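Asker: Here is a sequence with its predicted model. Questions after.
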Amino acid sequence: MSVNTDNLVAQETTLKSVVSDYIAKIKSGDIGALPAFLGLITLGIVFTFSSQFFLTARNMSNLITQAAPVIVIAMGLVFVLLLGEIDLSAGFASGVCGATLVLLINDHHFPWYLALLVSIIVGIGLGWVMGTLVARLRIPSFVVTLSAFLAFQGILLLMAGEGGTISLQDRFIVAVENNNLTPAVSWIFSIVGIAIYVGLGLNRILHRRRKNLKSEPFNVWIIKNAVLVILGLGITYVLNLQRGNPPNSSIKGMPIVVPVLLALLIVGTFVLNRTVFGRHLYAVGGNAEAARRSGINVRRVRTLAFMICSGLASIAGMLFASRSNSISPTTGGGTTLLYAVGAAVIGGTSLFGGKGKLRDAVLGGLVVAVIDNGMGLLGFSSGTQYLVTGGVLLVSASVDALSRKGASSAS
């Protein structure tokens, strides 16, 4: 009888207790993506009132397509950062894989899907080499990936030729970053996606209640999902507005790259949260020695993390090729890697390992993109944009370090 009473008490979770628990988590140092979320809202408000062009349909579409490759690279970096490692080669790895894709299509007449598959396999292979060096030879990931950074840059120069550009001649790949879903399909995609998410969340709550387990209160769940519905439908509405110049040019609908990003986010989140590998990844990042003693194959986990990172970088290479209709010797270079690492850290992924989610890459990538886009609209120089982005990254890393220090003190 006492067991049933305990279960009923555990099940009675109120809104007040949820708020209290969340505040306690923040005080203990577990702030998650809260700073990135608040920063994104603040930046959006500031730039909306500062520029009449920021919240337009055309600018929102451009912002998403510009940020997409960096967000995908940042997604891959999350897997490596969760281990407390780093991959400095991810930017140029995307360039090498993108060049592989384009050359297979242009010179060897591969169909786009087969060329994409081969480029992803190449990316995974590059990650396997780096992961093996880090995991088995125990060479610091900084040294391995810095060497790979230089090597991949050289390979890309050889593939494209110094100063050369390889043009992409495949309408399917080009369409990913340059074409849009029709307004009707955009609405269907948005509504169906939201309905599936809400349905899965409701099913999870009901399942836990049937098992007499502690579950999220319905009022909290309703508030969270109401915000999601408003955001999802609002973004869809904005993206379905006319952003061309009719009658000569009519451009409406959600960019095709949005479903691509969401698919990667869903699959990656499932891997991290619902698979044995994901649990092992967090365990190794939290305490590698304890994970090894518990029977986890630490070397295998490290190697797979680098393989996933480079595999996602190869998809980013496809997005780079799609957006510019070409691959050049500088693809994936410049600020690409810095922005990708910044996106993951700004979003809430810890540089010390063991803490982070794939959504951090999306939130952080949007923050970086909004800073770059908004300050560009206001006429600020590139130097000022770099200063602000660097400052935001430093603040995020400092918050992470202070939160971990607070958590250690509390324990």
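Answerer: On my side now, so go ahead.
Asker: Are we agreed that residue 113 is in a helix?
Answerer: Yes - with DSSP: H, G, I helix; E, B strand; the rest coil as the criterion, residue 113 is located in a helix.
Asker: where's the residue nearest to residue 101 when sequence neighbours are not counted, which helix or strand?
Answerer: Nearest residue to residue 101, sequence neighbours excluded (Cβ to Cβ, 6 or more residues apart in numbering): residue 119, at 4.1 Å. Placement of C-beta: from N, CA and C, glycine included. In this structure, residue 119 sits in helix 112-135 according to DSSP states H and E.
Asker: and the residue nearest to residue 101, how many neighbours does it have?
Answerer: Per other Cβ atoms under 10 Å, the neighbour tally for residue 119 reads 28.
Asker: how near is it to residue 179?
Answerer: Relative to residue 179, residue 119 is positioned 20 Å away (Cβ to Cβ, to the nearest Å).
Asker: circling back: flag every buried residue along the helix holding residue 119.
Answerer: 112, 115-116, 118-120, 122-124, 126-135 (16 or more other Cβ atoms under 10 Å).
Asker: Then stretch 364-382?
Answerer: Buried residues in stretch 364-382, defined by neighbour count with 16+ other Cβ under 10 Å: 364-375, 377.
Asker: Same question for stretch 269-280.
Answerer: 271, 272, 278, 280.
Asker: Confirm residue 55 sits in a helix?
Answerer: No - the assignment for residue 55, made by three-state DSSP, is coil rather than a helix.
Asker: So what's the residue count around the residue nearest to it when sequence neighbours are not counted?
Answerer: In this structure, residue 55 finds its nearest non-sequential neighbour in residue 48, 5.0 Å apart by Cβ to Cβ, 6+ apart. Neighbours of residue 48 under the rule other Cβ under 10 Å: 12.
Asker: What mean pLDDT does the helix or strand hosting residue 227 get?
Answerer: Using DSSP H and E, residue 227 falls within helix 218-239. Per-residue pLDDT over helix 218-239 has a mean of 88.
Asker: And stretch 175-187, by the same measure?
Answerer: 94.
Asker: Check the offset of it from the chain's centre.
Answerer: Its chain's C-alpha centre and that of stretch 175-187 lie 21 Å apart, by Cα atoms, centre = their mean, to the nearest Å.
Asker: And that stretch, what's buried?
Answerer: 176, 177, 178, 180, 181, 183, 186, 187.
Asker: Let me see the contact set for the fifth one.
Answerer: Okay, so that is residue 181. The contact partners of residue 181, taken as Cβ atoms under 8 Å, 6 or more residues apart in numbering, are 189, 253, 254, 255, 256, 259.
Asker: Just the closest of those to residue 82, please.
Answerer: Distance to residue 82 across those (Cβ to Cβ) is lowest for residue 259, with 25.7 Å.
Asker: What are the boundaries of the strands in the stretch 301-411 of the chain?
Answerer: Here the stretch 301-411 of the chain has its strands, by DSSP state E, counting those that start in this stretch, at 326-327.
Asker: Oops, could you answer that again for the stretch 151-300 of the chain instead?
Answerer: Using DSSP E, counting those that start in this stretch, strands in the stretch 151-300 of the chain cover 166-167.
Asker: Give the residue spans of it that score low on pLDDT.
Answerer: 162-163, 247 (pLDDT under 70).
Asker: Please repeat the previous calculation with a cut-off of 80.
Answerer: 161-164, 214-218, 220, 244-249 (pLDDT under 80).
Asker: CA atoms of the helix holding residue 119 as CSV?
Answerer: The C-alpha trace of helix 112-135 is given here as CSV (Å, rounded to 0.1, in the frame of the first residue of the first chain):
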residue,chain,number,x,y,z
TRP,A,112,23.5,13.1,-57.2
TYR,A,113,22.4,10.6,-54.6
LEU,A,114,25.3,8.2,-55.3
ALA,A,115,27.8,11.1,-55.3
LEU,A,116,26.4,12.4,-52.0
LEU,A,117,26.6,8.9,-50.5
VAL,A,118,30.3,8.6,-51.6
SER,A,119,31.1,12.1,-50.2
ILE,A,120,29.5,11.1,-46.8
ILE,A,121,31.6,7.9,-46.8
VAL,A,122,34.7,9.9,-47.5
GLY,A,123,33.8,12.2,-44.6
ILE,A,124,33.2,9.3,-42.3
GLY,A,125,36.6,7.8,-43.4
LEU,A,126,38.4,11.0,-42.6
GLY,A,127,36.8,11.0,-39.2
TRP,A,128,37.8,7.4,-38.6
VAL,A,129,41.5,8.3,-39.3
MET,A,130,41.4,11.2,-36.8
GLY,A,131,39.4,9.3,-34.2
THR,A,132,41.8,6.4,-34.4
LEU,A,133,44.8,8.6,-33.9
VAL,A,134,43.1,10.3,-30.9
ALA,A,135,41.6,7.2,-29.3
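Asker: Over that helix, what's the mean pLDDT, rounded is fine.
Answerer: For helix 112-135, the per-residue pLDDT averages 97.
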